[in-house]
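*Asks:* Quick one, fold the following:
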Amino acid sequence: MRPRFHLALYWFLLAGMLISCSAERKLARKYVREHQGEGIMLMPTNFLYKENPGAYIDTDKFPSSDQQDSVAFYSSNYVQYVSDSMVLTLFTNYLIDGLVDYGYKVNLEDNADQFLSSGKPTWIIQLSQLQLEENFIPRYIYGYDDEDEEYMDEYRQNVISLNSWLEVNHLNAENARKQMLYLSGFIEDDPNQVASLEYYKGQFYMVNSRDTISMRDVYSMAAASGKKHAELLFDYFMNDYIRVNMPAGDAHRKEMHFDRKLNRIQAGLIEKFDLVR
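*Replies:* Numbers count the residues shown, from 1 in each chain. Down below sits the predicted model:
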C-alpha cells in the first residue's frame, strides 16, 4: 500500500448542518453556473525550499546557521535527492489543469496583457513559497529474549510534507481583499505495517517489511497537491462571491463546498486554506 497524500490541517467538525443556508446555497449555485470563462493570472514560483528539521546536528561542532543548514540537507534521506524542477513542474501543471477543469481561463504572468484585456479578468494568484519538508516520527518495538527479558528498539516513520503560501488578489470587485493562504499536506510510511523484533542465538534482529516512502511517492504528492489546490481555490473563490453578494441584512452563516464529481453544493468545508493575513 503506497503512502497517500493527506491534508495536515483544517479538518473541521461539520456541526450545525441543519442551520438554514438557503441564501448561501442560491449564490453558490449561481456562481457555479456563471463563473465559466473567468480569467486567472497565475504567478508560479521557480524555487523550492527544502527543510530537514528532524536532522541531528552537533551545534558545538557546527555553530553557524549556514553550517547547520548544510548538515541537515546532506544528512537527509529524501530532500537532497529530490528534483526541484520536477516537483515545481508537477505541482504547477496539475494546479493549472485543475483550474481549467473547473472552467477558468489560466494565464501565466508572461501573458499579463492578454489576461487584463480578456472579458473577465478576475483573480491573480501568486505562489509566494513552496516548501518540501522531511521529518520523522520515532516508533518503538519490543521483543523478549529466551529468559523473557524485554528489549526495545527504535525506528523512523518517515513523513514528507509539502507546504504552500499563496497570495490571492481579487480584481475589479467591491470589498476586494488581498489575502495570503497557507496549506500543508503530507505523505508518510504506511502506518498500518509494523516492524518486529526477533530473538535468535543470543541476538535481536529487526524484521522490517514496511512500505516506506519512495521518490516516486514524493513526485506523486506534488501532483496531488497541485490538484488539491485547484479544488480548494474553487471553494475559496465561490465563498468570496457569496460573501460579496449576500443580501443586505443576511448574515453569512456557512461556507459552501462544490463537489464537481457529483455536481452538488454542500454546506460546510472539511478542507480549506488557513488564512495567514
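
*Asks:* In the stretch 151-277 of the chain, where is pLDDT below threshold?
*Replies:* Low-confidence segments of the stretch 151-277 of the chain, defined by pLDDT under 70: 173-176, 191-194, 249-252.

*Asks:* the helices in the stretch 151-277 of the chain, which residues?
*Replies:* Applying DSSP state H, counting those that start in this stretch to the stretch 151-277 of the chain gives helices spanning 215-245.

*Asks:* buried ones in the one helix or strand Glu134 maps to?
*Replies:* Taking DSSP states H and E as the definition, one finds Glu134 inside strand 121-144. Residues of strand 121-144 classed as buried: 121-127, 129-130, 132-136, 141, 143 (neighbour count, 16 or more other C-beta atoms under 10 Å). To be clear about C-beta, it is placed using only N, CA and C from the backbone, and glycine gets the same treatment.

*Asks:* my read: Leu108 touches Met41, true?
*Replies:* Yes - here Leu108 reaches Met41: they are 7.4 Å apart, a contact under C-beta atoms under 8 Å.

*Asks:* Show me which of the two is the more surrounded one.
*Replies:* Met41 (24 against 14; other C-beta atoms under 10 Å).

*Asks:* contacting residues around the helix or strand that contains the more buried one?
*Replies:* Taking DSSP H and E as the definition, Met41 sits inside strand 39-43. Here strand 39-43 makes contact (C-beta atoms under 8 Å, 6 or more residues apart in numbering) with 92, 95-96, 99, 104-109, 111-112, 115, 118-127.

*Asks:* now the strands: where do they sit in the stretch 151-277 of the chain?
*Replies:* 178-188, 196-200, 203-207, 256-259, 264-267, 274-275 (DSSP state E, counting those that start in this stretch).

*Asks:* Export those to CSV and append columns for mean neighbour count and distance to Arg25.
*Replies:* CSV is the format used below for the strands of the stretch 151-277 of the chain (neighbours: other C-beta atoms under 10 Å; distance: least, C-beta to C-beta, whole Å):
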stretch, mean neighbour count, distance to Arg25
strand 178-188, 18, 24
strand 196-200, 12, 52
strand 203-207, 12, 54
strand 256-259, 19, 7
strand 264-267, 16, 6
strand 274-275, 12, 23
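
*Asks:* Quick one: those strands as JSON lines, columns for distance to Ile213 too.
*Replies:* Formatted as JSON lines, the strands of the stretch 151-277 of the chain follow (distance: least, C-beta to C-beta, whole Å):
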{"stretch": "strand 178-188", "distance to Ile213": "6"}
{"stretch": "strand 196-200", "distance to Ile213": "20"}
{"stretch": "strand 203-207", "distance to Ile213": "19"}
{"stretch": "strand 256-259", "distance to Ile213": "30"}
{"stretch": "strand 264-267", "distance to Ile213": "32"}
{"stretch": "strand 274-275", "distance to Ile213": "25"}
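
*Asks:* closest to Ser214 out of those?
*Replies:* Closest approach to Ser214 among these (C-beta to C-beta): strand 178-188, 9.9 Å.
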